[in-house]
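Chemist: how would this look folded up:
(2 chains)
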Number of protein chains: 2
Amino acid sequence: MKCVKCRNKASVELRRHNSAFCPPHFIEFFHRQVSRNIKRLNMFNADDNLLLAVSGGKDSLALWDFLLDAGYSVTALHIQLGIGNYSLRSADLTRNFATDRQARLIEFDLERELGVGVPKLSRILNRPACSACGLNKRYFFNKIAQDNGFTVVATGHNLDDEAATLLGNVLRWEKDALSRQSPVLERTHPGLVKKVKPLFSLTELETASYCLTKRIAYIEEECPNAKGAHSLLYKDILNQIESRSPGSKQQFFQGFLDRLRPLFLNRESVTLQECVSCGQPTTNTVCSFCRVRERARTAIDSSYTKRDGSIRQATREPQP
Amino acid sequence: MKCVKCRNKASVELRRHNSAFCPPHFIEFFHRQVSRNIKRLNMFNADDNLLLAVSGGKDSLALWDFLLDAGYSVTALHIQLGIGNYSLRSADLTRNFATDRQARLIEFDLERELGVGVPKLSRILNRPACSACGLNKRYFFNKIAQDNGFTVVATGHNLDDEAATLLGNVLRWEKDALSRQSPVLERTHPGLVKKVKPLFSLTELETASYCLTKRIAYIEEECPNAKGAHSLLYKDILNQIESRSPGSKQQFFQGFLDRLRPLFLNRESVTLQECVSCGQPTTNTVCSFCRVRERARTAIDSSYTKRDGSIRQATREPQP
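Modeler: Model prediction:
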């Protein structure tokens, strides 16, 4: 297998592009794809002050690396989720990257903020861990960006993430979620910071190959809370389709953006107001995050009245 | 496992309905579902003269059985596709059912009409067999109904068929195909007969259980031409999702009908004219069927000039 650019030995084969690349030409391909996404969709430019959400996984570290190489003004935000050793290792890998590249990193401890980490929060809310985790991350990405003068929040969502989310939304025809699914969410309210996903056209395999090629150490294991998550089933299913028809994932997600999403636009939009508790934008009087924080506090307070200090009695096991 | 109606031993479990039924109550359930579909969607009534497309498979035989039991005026149409022993056995099972139930049956021989059966036609057209087959069936269902005064054409498409077709259309966001996908296609042109799919809410497992319960012999093997068809992959994928979340197929297809399809309606519709060759409605000057028949004739004619009588030299192998 030879590189389509220089005919040297290829290290990465991309069936969906009917291509193969040697290490330097793969990096060039990756950079070109990400640059094109940023420019074509007007995600941001050299004047923007970017906050990049970094988990310690392959996607966010690859994007951080690209943004630094490309000279953008970027600060990473790592949220410690309190998921045992998984969170500790993720934080270490994120810090190591920041040190190696002398890059700016903000660390935020969710467990300190709420009094519980994601696993306990999931039990308190009787809600799947991924849902509880997502709600908190979205809240703090926006709030920390807003409070610190960042103009854009970037996340490392790749094509597999976006196509799997789309499949889930399509299987239930969640029109609200479909209307919001986009690589760019503009700042539609003074309290919302613009959100972008520059890797939306690159697969998991491609971001992993990027890290491997550039020797970026990332956390390779799946989050232990994701076990049994629907998103993993959807990713597996899309891989079955991709393996039969290379390019299917891209066709599915890009086709949605080009042909279906326009049907949802210009429809009545939701009205946002300020949360009476924290001031962040919400469709309700009190935002979802503040309600979650209140439930966490109540559960913690009631657990202090029990002898064993456990909060299990106050909550139920999460549903599968 | 007990019948939810009478507490006798159940023979069919329907996880998606959280139900189980004994044989008589399963038949009652099945009949009620089909009757409800016919009435809710105004598919047809006692005054209609129905033409039912019968392949000899479980779905069309179950529907034929229901329509006879319910007292509708129905005539079956079986198209012999020229797919070797598979077609011969399908025709036998269809004839046996007609004899047992003293039901009206029209037989039509595609091979005699075109000079070739589906397998050779697929090679001549260099087109997947399922696509060549579908085009011919749609043409003759409509033409034979039109020529013989039938007011409605019914087919046995079940929920698995419809959900798999929908998944294929959604993966490529085929807007034209999506706008046409419906359990009822009204007579929008004098040359088109109304088309209905009364089994669209019942699964393959349910139509097979119906035939088993009523001792209806049907052809159990897949059509040999369908091997490797995308529709089989999509059915398998939807079964994986259904097994994790019973009811997903129904939610996917019914949600599409309720929430997505309305977005496509009231959009510009296509203009139909009469095919200059056969008079059937088409968007072109000559309809797809007449173009196919012409290519078949040319291929057959050119094969007579070859010594071995083979038509392979005039054509290419079908693509996978």
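Chemist: Show me what the worst-scoring helix or strand of chain A on mean pLDDT is packed against.
Modeler: Between all helices and strands in chain A, the lowest mean by mean pLDDT, DSSP states H and E belongs to helix A:261-264, at a mean of 85. Contact analysis of helix A:261-264 by 3 or more C-beta pairs under 8 Å, 6 or more residues apart in numbering or on different chains; DSSP states H and E lists helix A:175-180, helix B:261-264 as its packing neighbours. C-beta here means a position set from N, CA and C on the backbone, and glycine is covered the same way.
Chemist: what about 7 Å?
Modeler: Counting contacts by 3 or more C-beta pairs under 7 Å, 6 or more residues apart in numbering or on different chains; DSSP states H and E, helix A:261-264 packs against helix A:175-180.
Chemist: Quick one: check the helix it packs on for contact with chain B.
Modeler: Yes - Helix A:175-180 lies within reach of chain B by C-beta under 7 Å from any C-beta of the partner chain, at residue A:175.
Chemist: Secondary structure of residue A:218: a helix, I assume?
Modeler: No - read with DSSP: H, G, I helix; E, B strand; the rest coil, residue A:218 is coil and lies in no helix.
Chemist: Quick check, the residue in the stretch 1-150 of chain A closest to chain B?
Modeler: Using C-beta to the nearest C-beta, the closest approach of the stretch 1-150 of chain A to chain B is made by residue A:128 at 13.1 Å.
Chemist: Could you report the neighbour count for that residue?
Modeler: Neighbour count for residue A:128, taken as other C-beta atoms under 10 Å in any protein chain shown: 18.
Chemist: Can you name the residues in contact with the least confident helix or strand of chain A?
Modeler: A:175, A:178-179, A:182, B:263 (C-beta atoms under 7 Å, 6 or more residues apart in numbering or on different chains).
Chemist: Name the spans of the stretch 101-250 of chain A whose pLDDT lies under the cut-off.
Modeler: For the stretch 101-250 of chain A, no stretch is flagged by pLDDT under 70.
Chemist: interface residues of it facing chain B?
Modeler: Within reach of chain B by C-beta under 7 Å from any C-beta, the stretch 101-250 of chain A has these residues: A:170-173, A:175, A:233, A:237, A:240-241, A:244, A:248.
Chemist: Could you tell me which of the residues you listed count as buried?
Modeler: Taking 16 or more other C-beta atoms under 10 Å in any protein chain shown as the criterion, what is buried in those is A:170-171, A:173, A:175, A:233, A:237, A:241, A:248.
Chemist: Please convert these to CSV, extending it with secondary structure.
Modeler: Formatted as CSV, these follow (three-state DSSP):
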residue, secondary structure
A:170, helix
A:171, helix
A:173, coil
A:175, helix
A:233, helix
A:237, helix
A:241, helix
A:248, helix
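Chemist: And the strands in chain A?
Modeler: Assigned by DSSP state E, the strands in chain A fall at A:12-14, A:19-21, A:49-53, A:73-80, A:104-109, A:152-154, A:184-185, A:194-196, A:273-274, A:281-282.
Chemist: from the contacts of helix A:261-264, which two are the most distant?
Modeler: Using C-beta to C-beta, these reach their maximum pairwise distance at A:182 and B:263, which is 17.3 Å.
Chemist: now the helices for chain A?
Modeler: Secondary structure of chain A (DSSP state H): helices located at A:23-40, A:58-69, A:84-101, A:110-114, A:118-125, A:129-147, A:159-171, A:175-180, A:204-213, A:230-244, A:248-255, A:261-264, A:288-304.
Chemist: Including distance to residue B:55, could these go into a markdown table?
Modeler: As requested, those are exported to a markdown table (distance: least, C-beta to C-beta, whole Å):
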| stretch | distance to residue B:55 |
| --- | --- |
| helix A:23-40 | 47 |
| helix A:58-69 | 48 |
| helix A:84-101 | 53 |
| helix A:110-114 | 58 |
| helix A:118-125 | 50 |
| helix A:129-147 | 44 |
| helix A:159-171 | 29 |
| helix A:175-180 | 36 |
| helix A:204-213 | 41 |
| helix A:230-244 | 26 |
| helix A:248-255 | 29 |
| helix A:261-264 | 36 |
| helix A:288-304 | 52 |
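Chemist: And the ones you listed: which comes nearest residue B:91?
Modeler: Smallest distance to residue B:91 across the helices of chain A (C-beta to C-beta): 32.6 Å, for helix A:230-244.
Chemist: How about residues contacting the closest one?
Modeler: A:160, A:163-164, A:167-168, A:226, A:248-249, B:171, B:233, B:237, B:240, B:244.
Chemist: now the least confident helix or strand of chain A: how far from the chain's centre is it?
Modeler: Here helix A:261-264 is found 23 Å from its chain centre; the criterion is C-alpha atoms, centre = their mean, to the nearest Å.
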